[in-house]
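Colleague: the sequence and its predicted three-dimensional model are supplied below.
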Amino acid sequence: MFSDPTQKYSAFPSVPLFDRRWPNQTITNAPIWCSVDLRDGNQSLPVPMNISQKLEMFQALVRCGFKEIEVGFPSASNTEFEFNRRLIEENRIPDDVAIQVLVQAREDLIERTIDSLRGAKNVIIHLYNSTSPAQRRVVFNMSKGEIIKVAIRGATWIQERLPELKSANVRLQYSPESFSATEVKFAKEICEAVIDVWKPSPDRKIIVNLPDTVEVAMPNVYADQIEWMNRHLKDRDSLILSVHTHNDRGTGVAATELAMLAGAERVEGTLFGNGERTGNLDIVAVALNLYAHGVDPKLDFSNINQLREIYERCTGMLVPPRQPYAGELVFTAFSGSHQDAIKKGLHEWANNGGTQRWDVPYLTIDPADIGREYREVIRVNSQSGKGGIAYLLENEFGIELPKDMQREFGPVANDEVDRLGREVTAGELKEMFWREYILRDAPWKLIDFHLDGDTGRFGCSASVLRHSELLELSGQGNGPIAAFVAALESASAPPFQVSDYREHALSSGSDAQAIAYIRVIKGGATRWGAGVDTNIELASIRAVLSALNRLEC
């Protein structure tokens with residue numbers, strides 16, 4: 001890298017817009033969405049989709065609710081052309097869905113494109129040519145005037161052939177490709193030249209698409225470009241202003257959202273941001289961002305796991321684990337403080353019956369709304385805390401640890417996870433708890449227990465092993481636990497006090513198990529114990545020995 005990058009690079013110039021309005025706007029409605037997965041996304045794949053894969057992807061997009069789908073570049077290859085014909089001839093296109101096709105400003109390509117559309121009901125023909133200074137100089141060696149003539153010729157050729165599609169509802173779209181790097185005044189000039197050919201009206205609008213083909217500036221500069229065009233294009237009430245952002249600077253989503261504030265009514269993009277270089281706009285992210293703000297996105301991602309599986313199978317691409325909303329880890333918390341906050345937030349939501357506004361820490365939307373499950377929210381590694389550990393034990397196995405016991409078991413579990421050096425599953429976490437509390441039977445182990453008495457006075461007899469020595473015990477107290485503690489003291493057990501007791505069912509039915517939690521104090525030392533049994537009294541007795549064993553270890 002250059003120590004002084006100014007010798008090689010310069011910032012993209014700002015747009016002369018000193019009374020910009022977009023910073024004070026709010027998005028209150030979803031845009032018109034257009035998926036370009038089958039064209040822009042497809043051309044970027046190492047192995048492009050075959051017709052069967054494209055058909056499956058098309059059906060998935062329709063289920064999501066897309067009403068405009070760019071299905072391909074039918075003049076580019078036989079596969080693209082045949083895919084169009086399959087869609088049309090097999091009646092696979094719903095009546096409320098328009099297929100969009102892309103074509104360059106060349107007469108032979110336009111003719112082939114028109115042929116691919118015969119018999120379609122709703123069509124968008126998307127014409128483009130590149131306009132930036134670098135493209136004009138390096139690729140075409142043309143002046144501005146010559147570039148405008150290319151656009152006019154292409155628009156005219158399409159206009160002349162529209163009668164061949166007289167049975168179709170045809171809309172027209174023009175893109176000054178590389179708009180993001182084009183002077184706004186020239187972009188206006190070339191768009192208006194196309195407008196003059198197509199002669200739109202308020203009841204027969206055309207689409208003017210202004211792509212962020214290569215991100216060359218911060219997203220606020222792109223928003224300024226869109227607002228400038230929005231305010232200066234003629235016949236604005238006869239136009240639908242559209243954007244198509246890429247992600248070269250990693251700000252494709254931001255650029256789109258700011259462009260919508262600036263007047264964009266339509267958005268092109270792909271599922272999960274697939275596309276050339278760093279990708280296109282991730283439509284899923286923008287749609288669910290709107291959803292999280294209470295705006296109906298008009299797209300259905302309620303089964304995002306299935307959509308991700310279809311996408312990965314058809315494209316051969318993988319959704320990164322941190323991809324917004326769809327990634328494997330996005331509803332996961334490893335940090336202990338995050339886990340605790342999520343646990344408390346979910347409990348508050350559940351306790352209120354899900355009637356209040358969603359406001360769970362770290363979760364911008366309810367995972368269940370898009371087919372994810374709460375059990376995916378918490379995972380445990382060496383950085384996890386008591387909140388996440390307690391959440392997993394409760395939600396996976398019904399083990400409701402008392403607060404103070406969470407504080408005690410958390411470091412025990414973290415030490416074991418640290419030793420393993422990896423994330424642990426809920427099952428492994430339960431095994432750790434069982435080893436630490438339920439299965440701890442030394443130096444004291446219960447062999448037999450019998451209780452007599454009624455309210456206020458109980459007597460017990462018990463057989464226990466202590467260091468492999470069988471002891472017969474008896475004791476009395478105002479309850480089963482008190483009687484057993486008295487029996488232990490009679491056998492020279494170290495004196496201790498029971499300071500807390502909790503219990504609950506682990507399952508239901510005639511053979512349901514119960515779990516009991518006991519906290520004991522000896523001098524300044526405090527330990528928790530736990531016991532499990534189908535008999536709640538025996539569960540509590542086992543919990544006493546568990547705590548005593550942990551106190552003496």
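Modeller: That came through, no problem. What you see is a predicted model, and the numbers here were worked out from it, not measured in a lab.
Colleague: where in the chain is pLDDT low?
Modeller: 374-379, 382-385, 510 (pLDDT under 70).
Colleague: so is residue 61 in a helix, a strand, or just coil?
Modeller: helix (DSSP: H, G, I helix; E, B strand; the rest coil).
Colleague: so it sits right up against residue 34, yeah?
Modeller: No. Residue 61 is not in contact with residue 34 according to C-beta atoms under 8 Å; the separation is 10.2 Å. For every residue, glycine as well, the C-beta is placed using N, CA and C.
Colleague: now do the shared contacts for the two.
Modeller: Residues touching both residue 61 and residue 34 by C-beta atoms under 8 Å, 6 or more residues apart in numbering: residue 69.
Colleague: most centrally placed residue in the chain?
Modeller: residue 325 (0.7 Å; C-alpha atoms, centre = their mean).
Colleague: from residue 326, how far off is the nearest residue to residue 324 once chain neighbours are set aside?
Modeller: Nearest residue to residue 324 in three dimensions, chain neighbours excluded: residue 285, at 4.5 Å (C-beta to C-beta, 6 or more residues apart in numbering). Counting by C-beta to C-beta, to the nearest Å, the gap from residue 285 to residue 326 is 8 Å.
Colleague: all strands for the stretch 101-250 of the chain, in order.
Modeller: 122-130, 169-177, 206-212, 239-245 (DSSP state E, counting those that start in this stretch).
Colleague: that older thread, now the residue nearest to the centre of the chain. Nearest residue, chain neighbours left out?
Modeller: Once flanking residues are discounted, residue 325 sits nearest to residue 288: 4.9 Å by C-beta to C-beta, 6+ apart.
Colleague: and residue 550, by the same measure?
Modeller: residue 527 (4.4 Å).
Colleague: next, the buried residues of the helix or strand the one you found falls within.
Modeller: Here residue 527 sits within strand 525-533, counting by DSSP states H and E. By 16 or more other C-beta atoms under 10 Å, the buried positions in strand 525-533 come out as 526-533.
Colleague: stretch 113-126 too?
Modeller: Quick answer for stretch 113-126 (16+ other C-beta under 10 Å): 113-114, 116-117, 120-126.
Colleague: of those, which is the nearest to residue 51?
Modeller: residue 116 (13.4 Å; C-beta to C-beta).
Colleague: pretty sure that closest one sits against residue 84.
Modeller: Yes. Between residue 116 and residue 84 there is a contact under C-beta under 8 Å: 4.2 Å.
Colleague: what touches both of these two?
Modeller: 74, 101.
Colleague: once you drop chain neighbours, what's closest to residue 156?
Modeller: Closest to residue 156 by C-beta to C-beta, 6+ apart is residue 197, at 5.6 Å.
Colleague: shouldn't that neighbour be in contact with residue 153?
Modeller: No. In this structure, residue 197 is not within contact of residue 153 by C-beta under 8 Å, at 9.3 Å.
Colleague: need the contact list for residue 248.
Modeller: 214-216, 277-278.
Colleague: now it: how far from residue 267?
Modeller: In this structure, residue 248 and residue 267 are 18 Å apart, going by C-beta to C-beta.
Colleague: next secondary structure element downstream of the helix or strand where residue 387 lies?
Modeller: Assessed by DSSP H and E, residue 387 sits inside helix 386-397. Sequence-wise, the next helix or strand downstream of helix 386-397 (DSSP H and E) is helix 403-420.
Colleague: with adjacent residues omitted, what lies nearest to residue 339?
Modeller: Closest residue in space to residue 339, ignoring its immediate chain neighbours: residue 388 at 2.7 Å, by C-beta to C-beta, 6+ apart.
Colleague: and residue 535, by the same measure?
Modeller: Once flanking residues are discounted, residue 535 sits nearest to residue 514: 7.6 Å by C-beta to C-beta, 6+ apart.
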